[in-house]
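Asks: Need a 3D model of the following:
(one chain, ligands or ions: 1)
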Amino acid sequence: MAGNKTLTIIKPYAVKNGNLGAILHKIEESGYRFAAIKTLKLDKHEAEAFYQEHKGKPFFDDLTDFMSSGPITAAILEKENAVADFRFLIGATDPNNAKEGTIRKMFATSKTQNAIHGSDSDESADRECDFFFSKRERL
Ligand SMILES: Nc1ncnc2c1ncn2[C@@H]1O[C@H](COP(=O)(O)OP(=O)(O)OP(=O)(O)O)[C@@H](O)[C@H]1O
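Replies: Reported below is the predicted structural model:
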């Protein structure tokens, strides 16, 4: 059975440009409960650790530079079928391919500056929730 939890990150550009509130509102009105939330800044090493599965790919350096370039907001979201439904809500990685009404269509500007992250499996969600939140930070 699919899990009921996913991890999201509102990425630096979206936070810097004042879209944080609008994105969080869109998530909440789509039926997700915020089980934990924090704003922080990753250093380059932490961004590399978070995206370790992409190490060695041509975009890895740009991706981790970007993800460590400014404040991000990380949150644990709860809802039935959270991982798959949230991937649908955020849309395609490249905003040019994202459907109308998706968060990336509304707020992303490029494949790197694509506004938001969502876990791609229940296993990734578990790992990513542990990456950002201790047990006592979860509601
Ligand atoms: N071909 C590519 N060129 C440039 N950047 C890329 C490319 N593929 C992925 N990326 C960047 O790496 C990030 C992680 O890639 P992944 O394949 O996990 O996409 P995603 O699951 O849609 O994004 P995220 O993990 O951030 O939610 C993407 O958000 C994007 O910024």
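
Asks: now the helices: where do they sit in the chain?
Replies: Assigned by DSSP state H, the chain shows helices spanning 12-16, 20-29, 44-50, 60-67, 82-90, 103-107, 122-132.

Asks: Tell me where the model's unsure across this protein.
Replies: Across the chain, the ranges flagged by pLDDT under 70 are 1, 139.

Asks: got the residues of it near the ligand?
Replies: Taking Cβ under 6 Å from any ligand atom as the measure of proximity, the chain contacts the ligand at 54, 59, 63, 93, 111, 112, 114, 117, 118, 120. Backbone N, C-alpha and C define where each C-beta goes, glycine included.

Asks: nearest to residue 4, of those residues?
Replies: residue 118 (14.1 Å; Cβ to Cβ).

Asks: Just give the number of residues close to the closest one.
Replies: Counted with other Cβ atoms under 10 Å, residues neighbouring residue 118 total 25.

Asks: How about residue 101?
Replies: Look at residue 101: counted by other Cβ under 10 Å, it has 10 neighbours.

Asks: swap in residue 47?
Replies: 19.

Asks: Tell me if I'm right that it and residue 61 touch.
Replies: No: counting by Cβ atoms under 8 Å, residue 47 stays clear of residue 61, with 10.3 Å between them.

Asks: if we can go back for a sec, got JSON lines for the helices of the chain, with distance to residue 75 too?
Replies: Formatted as JSON lines, the helices of the chain follow (distance: least, Cβ to Cβ, whole Å):
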{"stretch": "helix 12-16", "distance to residue 75": "12"}
{"stretch": "helix 20-29", "distance to residue 75": "8"}
{"stretch": "helix 44-50", "distance to residue 75": "15"}
{"stretch": "helix 60-67", "distance to residue 75": "16"}
{"stretch": "helix 82-90", "distance to residue 75": "11"}
{"stretch": "helix 103-107", "distance to residue 75": "13"}
{"stretch": "helix 122-132", "distance to residue 75": "9"}
